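*Asks:* Need coordinates for the following:
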Amino acid sequence: MDDTSQIQPPPSFAELFRTRSGKLSAPIAEVVARYELCEDLACHLTEQAQTLYHSGNSSEEQVLLGMHAGLAAEGSVVRVPEAGWIVQRVAELLEWRAPLLPVGNAE
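*Replies:* Below is the predicted model of the structure:
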């Protein structure tokens, strides 16, 4: 990543923007901006996930899969690969097992 940026997206996120040859497919500023959006969404969704889980109507996996479905839906502010990363991050923040996500169309 760029040494001039104070925010360094983790490798798991940067990988979403790498070509097969390992080069970024978008400017670093865009990758950082997308990371900030996705990290903010993940942090915000942790409380919602806990609320849904503790309501007793869903398992951890069901909560996370439902969030993924919403995030990956047409018209979402995030791309399908980003939706997967967000759900993985929510699982990590909550110390839940990350579900196997459906394979979607990558952009």
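*Asks:* what is the mean pLDDT for stretch 71-90?
*Replies:* The pLDDT scores in stretch 71-90 average 97.
*Asks:* Pull out the buried positions in that stretch.
*Replies:* 71-72, 78-90 (16 or more other C-beta atoms under 10 Å). Any C-beta I mention is one placed from the backbone N, CA and C, and that applies to glycine too.
*Asks:* quick one, longest helix in this structure?
*Replies:* helix 28-54 (DSSP state H).
*Asks:* how distant is that helix from the center of its chain?
*Replies:* Between the centre of helix 28-54 and the centre of its chain there are 7 Å (C-alpha atoms, centre = their mean, to the nearest Å).
*Asks:* any idea which helix or strand comes after that helix?
*Replies:* Heading C-terminal from helix 28-54, the first helix or strand you meet, by DSSP states H and E, is helix 60-72.
*Asks:* What helix or strand is the most centrally placed residue in the chain located in?
*Replies:* Nearest to the geometric centre of the chain sits Ile86, at 1.8 Å (C-alpha atoms, centre = their mean). Assigned by DSSP H and E, Ile86 falls within helix 80-94.
*Asks:* Before I go, just wanted to say thanks for your time.
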